[in-house]
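**Q** Need coordinates for the below:
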Amino acid sequence: MYGTIDGFNYGATTPLAAYLMACLGGALGLRCTARSVRTQRSWKAGWLALGSASIGSGIWTMHFIAMMGFHVKETPIGFDIPITLLSLIVAIFVVGIGVFMVGYRGTSPGVLLSAGVFTGLGVAAMHYIGMSAMRMQGHLEYSVPTVLLSVLIAVVAATAALWAAVTIYGFRASLASSLVMGVAVTGMHYTGMAAVSVRLDDVLSASVGGEAPASLILPMLIGPVIFLVIAGTIIMFDPLLVLGEGEWNAKKADSASRTPPPPPPRPVWPVWPPEEEPARARTWPPEGEPARARTWPPEGEPARARTSRPAPRHGRREYREW
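**A** A predicted model of the protein is given here:
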């Protein structure tokens, strides 16, 4: 006997929230990976690690939120916490390998294809590991063609994301790429969910193992969400990541054109005496002229007595002549 599956138990709430988390993780990861291409080699590994953790956390958060809407009418569902956390580690690890491959070896066709295949297979593995963490009164069965289609979507989405991470530098272009990446990752998840059928046990009990989804949603999501918020804060304070290389360079050029030119340099006065001439003492009379005594009146003019005009009256006092 097969159970009745409802993948949208909360309506459009879980698909929309899952899509937004996938877009957020993809946008942060793409900006960090693009930043690593234009930074010093000592900081390159840090930006790549932050980018891979952002993409992996966003994909896993999308998966977990979407699984909250998975419901089987005939049986309750629980989750095994260690296996669920293992799927998070797998997501970050495999995405990190692909991001580091293209970050250090470029986007040549061979490197991009191998990194995309490895990352896509890892994302698909994360999805099905998370599915295996479900506990219910029955077991899951999969349609092989639909599973292969979901893996193909994951590989194509991972390859396109890795190519965009190191090729697209502008902020608007990265935002558009993250929206497309969110569609691809979310589509891969729901394609994989379409391959699932639940074969119920012959004897149904009142309870199942694991933790209920409602009790897990807050503690399981708080860590990845806080990490994504911190990563977004780091990116917000880096203008090159927010504006993109082209817009940042244009802004710097515009501010440089508006800056007034610097004042002209101060003149440098010549040294006296010039370096090639020896210093000469100033003597009187000049060399080659006889010394002449200064006499008054000058020669050839008669002496004149000094006279003065009558002193003007000033009040009641009179000033006498010399």
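**Q** Just the pLDDT for the closest residue in space to Val144 that isn't next to it in sequence.
**A** Nearest non-adjacent residue to Val144, counting by CB to CB, 6 or more residues apart in numbering: Ala195, 7.9 Å away. C-beta here means a position set from N, CA and C on the backbone, and glycine is covered the same way. You'll see Ala195 listed with a pLDDT of 90.
**Q** And for Ile168?
**A** 68.
**Q** Then Leu149?
**A** Leu149 is given a pLDDT of 93.
**Q** so what's it up against?
**A** Leu149 is in contact with Thr191, counting by CB atoms under 8 Å, 6 or more residues apart in numbering.
**Q** Give me the neighbour count for the residue nearest to Val144.
**A** 19 (other CB atoms under 10 Å).
**Q** How about Pro302?
**A** By other CB under 10 Å, neighbour count at Pro302 equals 5.
**Q** secondary structure class for it?
**A** coil (DSSP: H, G, I helix; E, B strand; the rest coil).
**Q** Can you tell me how far it is from Ala161?
**A** As judged by CB to CB, to the nearest Å, Pro302 and Ala161 stand 113 Å apart.
**Q** how about the helices in the chain?
**A** For the chain, applying DSSP state H gives helices covering 13-37, 41-68, 81-105, 109-132, 144-167, 171-194, 213-236, 239-243, 245-258.
**Q** Show me the one of those that comes nearest Asp202.
**A** helix 109-132 (21.6 Å; CB to CB).
**Q** any idea of the mean pLDDT for the closest one?
**A** On average, helix 109-132 scores 88.
**Q** What are the buried residues along it?
**A** 111-112, 114-120, 122-131 (16 or more other CB atoms under 10 Å).
**Q** One more: stretch 132-150?
**A** Ala133, Met134, Arg135, Met136, Gln137, Gly138, Val147, Leu149, Ser150.
**Q** separation between the last one and Ser197?
**A** Taking CB to CB as the measure, Ser150 and Ser197 are separated by 15 Å.
**Q** do Pro262 as well
**A** 75 Å.
**Q** Neighbour count: the two, which is higher?
**A** A direct count of neighbours by other CB under 10 Å for Pro262 and Ser197 places Ser197 higher, at 14 against 6.
**Q** Excluding chain neighbours, what is closest to that one?
**A** Glu141 (4.9 Å).
**Q** likewise His139?
**A** Sequence neighbours aside, Arg199 is the residue nearest to His139 in space, at 5.8 Å (criterion: CB to CB, 6+ apart).
**Q** For that neighbour, give the beta-bridge partners.
**A** Tyr2, His139 (DSSP bridges).
**Q** so how far is Ala124 from the residue nearest to Phe227 when sequence neighbours are not counted?
**A** Once flanking residues are discounted, Phe227 sits nearest to Ser57: 5.6 Å by CB to CB, 6+ apart. The gap separating Ser57 from Ala124 is 17 Å, by CB to CB.
**Q** and if you look at Leu112?
**A** Applying CB to CB to Leu112 and Ala124 gives a distance of 18 Å.
**Q** again, but for Gly69
**A** As judged by CB to CB, Gly69 and Ala124 stand 20 Å apart.
**Q** before we move on, what about Ile89?
**A** Ile89 is 15 Å from Ala124, by CB to CB.
**Q** Likewise for Met101?
**A** 18 Å.
**Q** same deal with Ala115?
**A** Distance, Ala115 to Ala124, by CB to CB: 15 Å.
**Q** can you check Gly130 too?
**A** When distance is defined by CB to CB, Gly130 is 11 Å away from Ala124.
**Q** next one: Val180
**A** 19 Å.
**Q** ditto for Leu48
**A** 22 Å.
**Q** who are the neighbours in contact with Pro224?
**A** Here Pro224 is in contact with Ser57, Gly58, Trp60, Thr61, Leu88 (CB under 8 Å, 6+ apart).
**Q** Including distance to Ala12 and neighbour count, could those residues go into a markdown table?
**A** A markdown table is the format used below for those (distance: CB to CB, whole Å; neighbours: other CB atoms under 10 Å):
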| residue | distance to Ala12 | neighbour count |
| --- | --- | --- |
| Ser57 | 23 | 26 |
| Gly58 | 20 | 32 |
| Trp60 | 21 | 29 |
| Thr61 | 18 | 26 |
| Leu88 | 25 | 22 |
